[in-house]
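Engineer: Here you go, sequence then predicted model.
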Amino acid sequence: MSPSMITANNSWWEVQVIADQSLEEQIFWRLQSFGCQGMATQKKDGKLYVSSYIPMEKGKVLDLAALALWLEQDAIAVNYDPPVTQWKIINDEDWSSSWKQHWNPQEVGDMLVIYPAWIDPPADCDRKVLRLDPGSAFGTGAHATTQLCLEALEMRLWDVKPEDNIVVADVGCGSGILSIGALLIGASQTFAIDNDILAIKATNHNRQLNNIPEEKIWVQEGSIQDLIANMPKPANGFTCNILADIIVDMVPYFDQLVDENGWGILSGILIEQVPKVAKALDDHKWVVATFWKRQEWACLTIRRSEY
């Protein structure tokens, strides 16, 4: 998922969708695919109310009209009434305030708790605190795919010691939540990439918010090929929380991303898309070690095939 933080003097489209509650995951996927960088939801009287955001320069009125049409088609295809979609322009202050209404501390797995930047965690907190700016959108930890990835990282890094010097690559880093989470759990170094410059700014901002030294998270705008080219050696493992079709396109590069004993964590995959992803993995000699699901989303941990 590719979240980003707020930049000064920026205006946003707020896209509001009212729909049947059963369409929540489809709407989330469509808004993310469109490039929206945040989503707050409420449920009332059987209806779902969604507010999502995209920088004005990334979407024009005609693009938003097309989005509304796609949302209608998605609903009709599964025999639901088409949603109502509206949009308006808001500024940074309005955006920031909206997150303070919808985002609270979130425990994830057995080790982490995610705190918004404006809430101070208690001094006696018994979990590792991961702090994030409210503009970090899809990387707040509230969405199932982010939670699944953090829980999978916890499983992989539970017994890691500093002297193990575990390196994790973060493909599509967004807010930097997975890179920061990996370091808090036990990794020694992360290398992160995203094709959105706002995500790079978000990752650096959240790194500073968590008092993580700059050298612990190498982050740059670019592609998975750029990430591979800039790593001094293959990583021990990687995370990739994007969309299924993008993951499928990246699979041929996974063997260059990690060493021969390397592992991967994949999410952003709807459950019905798992067979397509699994086939691409199998074609490139990767196997699914574990398959977790939450709501309509799947998380795969993968390793190299022995054959």
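Structural biologist: Structure received.
Engineer: what's the burial count for the nearest residue to residue 105 once chain neighbours are set aside?
Structural biologist: Spatial nearest neighbour of residue 105, excluding adjacent residues (Cβ to Cβ, 6 or more residues apart in numbering): residue 115 at 5.1 Å. The way it works is simple: take the backbone N, C-alpha and C, and place the C-beta from them, glycine included. Residues within reach of residue 115, counting by other Cβ atoms under 10 Å, total 21.
Engineer: Check residue 74 too.
Structural biologist: 18.
Engineer: So what's the gap between the helix or strand containing residue 43 and the chain middle?
Structural biologist: In the assignment (DSSP states H and E), residue 43 maps to strand 39-44. Distance, stretch centre to chain centre, for strand 39-44: 19 Å (Cα atoms, centre = their mean, to the nearest Å).
Engineer: and if you look at stretch 13-28?
Structural biologist: Taking the mean of its C-alpha atoms, stretch 13-28 sits 18 Å from the chain's own mean (Cα atoms, centre = their mean).
Engineer: Could you export it as CSV, CA atoms only?
Structural biologist: What follows is the C-alpha trace of stretch 13-28 in CSV, where atoms were taken according to Å, rounded to 0.1, in the frame of the first residue of the first chain:
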residue,chain,number,x,y,z
TRP,A,13,-9.7,16.1,-3.2
GLU,A,14,-11.8,14.6,-0.5
VAL,A,15,-13.8,11.7,-2.1
GLN,A,16,-16.9,10.7,-0.2
VAL,A,17,-18.6,7.4,-0.9
ILE,A,18,-21.9,6.1,0.6
ALA,A,19,-22.5,2.5,-0.1
ASP,A,20,-23.7,-0.9,1.2
GLN,A,21,-21.4,-2.1,4.0
SER,A,22,-20.7,-5.3,2.1
LEU,A,23,-18.8,-3.3,-0.5
GLU,A,24,-16.2,-2.0,2.0
GLU,A,25,-13.2,-4.1,0.7
GLN,A,26,-14.1,-3.5,-3.0
ILE,A,27,-14.3,0.3,-2.4
PHE,A,28,-11.0,0.3,-0.5
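Engineer: Now do the buried residues in it.
Structural biologist: Neighbour-count burial for stretch 13-28, with 16 or more other Cβ atoms under 10 Å as criterion, is recorded at 13, 14, 15, 17, 19, 20, 23, 24, 26, 27, 28.
Engineer: need those in a markdown table with distance to residue 224, can you?
Structural biologist: Listed next are the buried residues of stretch 13-28 as a markdown table, based on distance: Cβ to Cβ, whole Å:
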| residue | distance to residue 224 |
| --- | --- |
| 13 | 29 |
| 14 | 32 |
| 15 | 29 |
| 17 | 31 |
| 19 | 34 |
| 20 | 37 |
| 23 | 32 |
| 24 | 30 |
| 26 | 27 |
| 27 | 28 |
| 28 | 24 |
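Engineer: Which ones among the residues you listed lie within strands?
Structural biologist: Within the buried residues of stretch 13-28, residues falling in strands by DSSP state E are 13, 14, 15, 17, 19, 20.
Engineer: Residue 246: which of the residues you listed is nearest?
Structural biologist: Of all these, residue 246 sits closest to residue 15, with 21.6 Å by Cβ to Cβ.
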